[in-house]
Each structure stands twice: as structure tokens, then as C-alpha cells.
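Asks: I would like to see how this sequence folds:
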Amino acid sequence: MAKQEMVDVPERDAVVYLHDIRETTDGLSGANLSNADLLSDVETYLEESGKKVLTADDGYRSVRLLLPLLERTGARLVLFLTTGFLDRTVFPYEIVASNMVSTLPRVQVFGEEFDTGSDPEAREVAFKRVHRALKPQSYKRRVRLIDRLAAENNTTKEQFVSDVFLSWDEAAELARHSQIDIGAHSHRHLHLPDVGKRTQLYELLFPRLRLARRLRTPVTSIAYPYGGENARVQRYARACGYRSAFGTSPESAGPYARPRQTLTDALNELSGHR
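Replies: Numbering: from 1, shown residues only. Now for the predicted structure:
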């Protein structure tokens with residue numbers, strides 16, 4: 001089928017953003033739980049809101065679960081892809097840590113041992129220990145700490161993200177779908193206001209060019225990782241050729257800080273209007 005024109009959404013309207021599409025959240029912990037969006041909730045949102053546009057960040061393989069729903073409802077999806085995840089060269093520490101504590105029976109976290117196999121609470125505590133240690137660090141420092149964490153547990157970081165994100169071939173298949181548009185979500189998933197000008201420009205421009213070339217599709221929008229933006233980031237997004245950019249706040253405004261909201265917040269709004 002030929003691509004349709006993307007649905008025009010008024011700039012003031014907050015668009016829902018999704019991450020990891022799941023049919024159940026049973027057994028999930030850490031970032032896997034906080035990033036999970038239930039397929040049944042997405043269906044409820046589309047049916048009750050009457051909206052026809054969704055967005056999804058990062059490039060989780062599970063986004064393919066949305067295809068039958070999109071085709072049944074006629075809704076469109078803007079899929080914001082992180083090129084480093086597609087390349088398998090960037091390993092988000094939140095996902096590595098979540099899958100590590102969920103699959104290993106015992107986990108060493110920088111010298112502290114947790115019985116993660118039999119105690120769900122220990123899994124959460126272990127994840128939070130990693131999160132507290134890595135969140136304030138630079139990208140390079142996070143990479144070193146994740147490598148150290150893997151070495152402490154006689155494993156590799158690669159095994160904990162190998163099946164999480166789309167491959168380039170899978171992304172190309174989705175890009176050809178008539179109801180899916182491709183947008184950028186940076187290369188290394190950095191909080192852009194915290195990095196220098198050259199890094200900001202690289203994280204904005206490189207993924208747009210790479211995605212357009214590899215997926216053979218226009219890339220005219222970007223979603224800022226963690227919703228992080230400021231006036232300079234917005235200017236750079238425009239200079240890099242984007243026609244629109246999205247944050248993660250319903251209070252954002254303007255073509256380079258389009259508002260978005262979580263699925264949970266959108267459903268809560270709907271329930272309040274019943």
C-alpha cells in the first residue's frame with residue numbers, strides 16, 4: 001500500500017507516546033515495568049479518544065504488536081528510532097540492569113550481592129542501586145560501569161538487550177508500512193541539554209541522515225530523549241532539517257517542543273471526562 005499523508009495534529013494537542021508494548025506486565029521489574037504499555041490500554045485509548053495518531057520511542061521490537069490494531073482502527077504510528085540501538089552499539093543501562101536482575105539468580109552490584117532469583121523485592125532494590133549509580137554519570141562513564149557490572153556477574157551486556165530492540169531489517173519492514181512514519185530519537189539516547197554543542201548537533205543530525213538513507217524514507221521529526229530540550233536544542237533541531245520535534249510534557253508548546261503525554265495520563269484524562 002502507498003504511504004498516506006501523515007495526519008495533521010494541532011500543535012496544542014498532546015500526542016500519546018509509548019515504549020515497550022506488552023500483553024501483560026506480570027513478572028516485570030525495573031525499567032521493563034516502567035516502560036511497559038499494555039496493548040489492551042492502547043486499544044482502549046484509541047477507541048475512547050477517537051484519536052488517530054500514536055508515537056513510540058526507542059524502537060522496541062514489541063511495537064510490532066500494534067500492527068493489527070493500527071490496521072483495524074486506521075490509526076497511524078510515528079516510530080522514533082534510536083540509531084545506536086539499531087546498530088547494537090549503544091546499550092541502555094536501564095534495560096541491561098533490568099534484564100540482568102530479572103534473569104540471573106544472584107546479582108553482584110558493585111560489590112553488593114542480591115538474591116534476585118527468589119525475591120522480587122531484591123530485584124527492585126538491585127535495579128535501583130544500579131540506577132542511582134549510573135544516572136548522574138556521563139555517557140562514557142556509564143559504558144565503563146555497565147561493563148564492570150557485567151564482568152562482576154561473569155556475563156556480557158549484549159545478551160541482555162539482544163532481543164529487545166528492532167534490527168535494521170525489521171525497522172525497514174515497518175518503515176514500508178502505509179500507517180507508519182519514521183522519526184529520529186538521537187543516536188545514543190543522551191539528555192541533550194546536558195551535553196555540548198557539537199554533541200547536540202551530532203545527536204540530532206546523524207540519526208536523521210542515517211535513518212533516511214538506510215530506511216529510504218523521509219525523516220522530518222524527532223523526539224528528544226527523556227524529553228530533554230531547551231532553546232538551543234530546539235534551534236539545532238530546526239537547523240538539522242526537522243519540521244517538528246516532540247518532548248515528553250503535555251505543557252510543551254511550539255513546532256520544536258510538541259507536547260506529548262503518557263498512555264496512563266491520557267487514560268486518566270478520559271476517565272475523568274466520562
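Asks: gap between the helix or strand harbouring Glu47 and the chain center?
Replies: Assigned by DSSP states H and E, Glu47 belongs to helix 39-49. In terms of CA atoms, centre = their mean, to the nearest Å, the centre of helix 39-49 is found 20 Å from the chain centre.
Asks: So which bits of the helix or strand encompassing Arg208 are buried?
Replies: Secondary structure from DSSP H and E places Arg208 in helix 197-215. Buried residues in helix 197-215, counted by 16 or more other CB atoms under 10 Å: 200, 202-208, 210-212, 214-215. Bear in mind the C-beta positions are built from the backbone N, C-alpha and C, glycine included.
Asks: For this structure, which segments count as strands?
Replies: When assigned using DSSP state E, the strands of the chain occupy the ranges 15-18, 20-22, 36-38, 53-58, 76-81, 107-109, 112-114, 180-184, 221-223, 244-246, 260-262.
Asks: just checking, which of those strands sits deepest inside the structure?
Replies: Comparing the strands of the chain by mean neighbour count (mean count of other CB atoms under 10 Å), strand 221-223 comes out on top with a mean of 26.
Asks: What's the separation between the closest residue to Ser40 other than its chain neighbours and Ala126?
Replies: Nearest residue to Ser40 in three dimensions, chain neighbours excluded: Glu23, at 7.6 Å (CB to CB, 6 or more residues apart in numbering). Distance of Glu23 to Ala126, computed by CB to CB, to the nearest Å: 26 Å.
Asks: Compare these two and say which is more crowded by neighbours.
Replies: Between Glu23 and Ala126, counting by other CB atoms under 10 Å, Ala126 is the more crowded of the two (28 against 11).
Asks: ok, so what distance separates the closest residue to Thr25 other than its chain neighbours from Gly59?
Replies: Once flanking residues are discounted, Thr25 sits nearest to Ala36: 5.0 Å by CB to CB, 6+ apart. Taking CB to CB as the measure, Ala36 falls 15 Å from Gly59.
Asks: Thank you, goodbye.
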